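Asks: sequence? don't have it. structure:
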């Protein structure tokens, strides 16, 4: 009986990058879609709230929060559910998103937001513009003037100043502070609820409700930016004064996100990179690793069970495993001497009388 004592086969992996999950193109498409949905909901609800005709501040806030919740639930597992350049920057500084994805994500988010604004701009009824101008709700009977009501602004262009005919307004410093603080809270909640150590299954709900609350608070100040893609999308078609004030609604959210991310990295940094709500995507292995594969039926089962890229990456991330040496097996066979007793022969009834002590030939009878 023989026994296979050879060492198991080994596959050596050196400096391997195992890619799991959607491609960059798929993630950019998800970001563009999510930002499109978010901007369409916020600007669409705000556009027809001029003069109290629409849903108002509460409706705009709910539209933004619910749209964000739906977008995250739909494609958050693909791209991480950023839909906001400030969130992308905060995730990158916090170590939760690769820096190589920042610029592509920003581009996809801006494109998605602009498309949403273009859809609303193209559907504005021209017949309503003169009526709105005569009512004093818009300055000019143009689509640009109508869309400017959704843009972010401060000073004389803040919603409170417009509602009070300039009696009250917020200065540039007030707008800057409120936008920084709101963006910092928003990004902080996102980094917290999407951290693997939080084990929160209600992350999309928490993020959506947080945006809803912040939109309600910040709306009287600046029409609630918090998202450079949203502010840029409104300014593209509104034009005019919106371009001169756009800088604040780009700088403030990015600054707030960076501040929160630095605190997160300092006090709650998770060493494993996970792109917010996205599934684990990329594992980079710098050390040589040995992945052992068994032989035979048992080895085939083990190999099939560990065939996923995530398992390979996890095993490869550990130090090189020591391949077990062959075990020498000595088969000892004990020799046992068996003595068999001879059986007495049957009596020959045809020969001489068996009872005769001596046969006719003078020999003793056979035993």
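Replies: Structure's in. What do you need? None of the values given here were measured: they were computed from a predicted structure. Residues are numbered from 1 along each chain as shown.
Asks: drop to CA atoms for contacts and neighbour counts, all remaining ones
Replies: Fine.
Asks: can you give me the helices for the stretch 101-250 of the chain?
Replies: Secondary structure of the stretch 101-250 of the chain, counting by DSSP state H, counting those that start in this stretch: helices at 102-122, 128-134, 143-147, 159-163, 172-193, 203-222, 228-238, 241-245, 248-268.
Asks: Include mean pLDDT and distance to residue 60 when you put those helices into a markdown table, please.
Replies: A markdown table is the format used below for these (pLDDT from 0 to 100; distance: least, Cα to Cα, whole Å):
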| stretch | mean pLDDT | distance to residue 60 |
| --- | --- | --- |
| helix 102-122 | 96 | 15 |
| helix 128-134 | 82 | 20 |
| helix 143-147 | 87 | 15 |
| helix 159-163 | 78 | 14 |
| helix 172-193 | 95 | 17 |
| helix 203-222 | 94 | 8 |
| helix 228-238 | 95 | 13 |
| helix 241-245 | 93 | 20 |
| helix 248-268 | 93 | 18 |
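Asks: for these, which one sits closest to residue 49?
Replies: Nearest to residue 49 among the helices of the stretch 101-250 of the chain is helix 143-147; the distance by Cα to Cα comes to 10.9 Å.
Asks: got a list of contacts for that closest one?
Replies: Residues outside helix 143-147 that contact it (Cα atoms under 8 Å, 6 or more residues apart in numbering): 47, 121, 124, 126, 129, 138, 139, 140, 234, 237, 238, 239.
Asks: Which PyMOL command selects the buried ones in the residues you listed?
Replies: This is how PyMOL selects the buried members of the contacts of helix 143-147, with burial counted by 16 or more other Cα atoms under 10 Å:
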select buried, resi 47+121+124+129+138+234+237+238
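Asks: quick one: which of the contacts of helix 143-147 is nearest residue 101?
Replies: Nearest to residue 101 among these is residue 234, at 24.6 Å by Cα to Cα.
Asks: For the closest one, which non-adjacent residue is spatially closest?
Replies: Once flanking residues are discounted, residue 234 sits nearest to residue 151: 5.2 Å by Cα to Cα, 6 or more residues apart in numbering.
Asks: Compute the distance between that neighbour and residue 266, please.
Replies: 35 Å (Cα to Cα, to the nearest Å).
Asks: With neighbour numbers in mind, choose between these two.
Replies: Counted by other Cα atoms under 10 Å, residue 151 and residue 266 do not tie: residue 151 has more neighbours, with 32 against 10.
Asks: Make a markdown table out of the contacts of helix 143-147 and add distance to residue 203.
Replies: A markdown table is the format used below for the contacts of helix 143-147 (distance: Cα to Cα, whole Å):
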| residue | distance to residue 203 |
| --- | --- |
| 47 | 29 |
| 121 | 33 |
| 124 | 35 |
| 126 | 41 |
| 129 | 41 |
| 138 | 39 |
| 139 | 42 |
| 140 | 43 |
| 234 | 28 |
| 237 | 33 |
| 238 | 34 |
| 239 | 36 |
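Asks: just checking, residue 77 touches residue 194?
Replies: No. Look at residue 77 against residue 194 with Cα atoms under 8 Å: they stay out of range, at 11.4 Å.
Asks: Common neighbours of those two, please.
Replies: residue 277.
Asks: more neighbours, the two?
Replies: Neighbours were counted for residue 77 and for residue 194 using other Cα under 10 Å; residue 194 has more, 23 against 19.
Asks: check contacts around that one.
Replies: So residue 194 contacts 200, 203, 276, 277 (Cα under 8 Å, 6+ apart).
Asks: rewinding a little: pick the most deeply packed of the helices of the stretch 101-250 of the chain.
Replies: With neighbours taken as mean count of other Cα atoms under 10 Å, the helices of the stretch 101-250 of the chain reach their highest mean count in helix 228-238, at a mean of 26.
Asks: other SSEs contacting it?
Replies: Where contact means 3 or more Cα pairs under 8 Å, 6 or more residues apart in numbering; DSSP states H and E, helix 228-238 is packed against helix 24-47, helix 85-93, helix 102-122, helix 143-147, helix 248-268.
Asks: so can I have JSON lines of those helices showing distance to residue 229?
Replies: Shown next, in JSON lines, are the helices and strands packed on helix 228-238 (distance: least, Cα to Cα, whole Å):
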{"stretch": "helix 24-47", "distance to residue 229": "8"}
{"stretch": "helix 85-93", "distance to residue 229": "7"}
{"stretch": "helix 102-122", "distance to residue 229": "5"}
{"stretch": "helix 143-147", "distance to residue 229": "16"}
{"stretch": "helix 248-268", "distance to residue 229": "8"}
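Asks: Residue 262 contacts residue 96, doesn't it?
Replies: No. Using Cα under 8 Å, residue 262 is not in contact with residue 96; the gap is 11.9 Å.
Asks: Tell me how many other residues crowd residue 123.
Replies: Residues within reach of residue 123, counting by other Cα under 10 Å, total 9.
Asks: show me the contacts for residue 275.
Replies: 79, 80, 91, 96, 97, 281.
Asks: Same question for residue 105.
Replies: So residue 105 contacts 28, 31, 85, 88 (Cα under 8 Å, 6+ apart).
Asks: Name the nearest of those residues relative to residue 40.
Replies: Top of the list for closeness to residue 40, among the contacts of residue 105 and by Cα to Cα, is residue 31 at 13.9 Å.
Asks: Quickly note the distance from the closest one to residue 209.
Replies: Residue 31 is 20 Å from residue 209, by Cα to Cα.
Asks: re the thing from before, which of the helices and strands packed on helix 228-238 sits closest to residue 190?
Replies: With Cα to Cα as the measure, helix 85-93 is the member of these nearest residue 190 (8.1 Å).
Asks: what's next to that closest one, contact-wise?
Replies: Contact partners of helix 85-93, identified using Cα under 8 Å, 6+ apart, comprise 82, 97-99, 102, 105-106, 109, 183, 187, 191, 226-229, 253-254, 257-258, 260-262, 265, 275-276.
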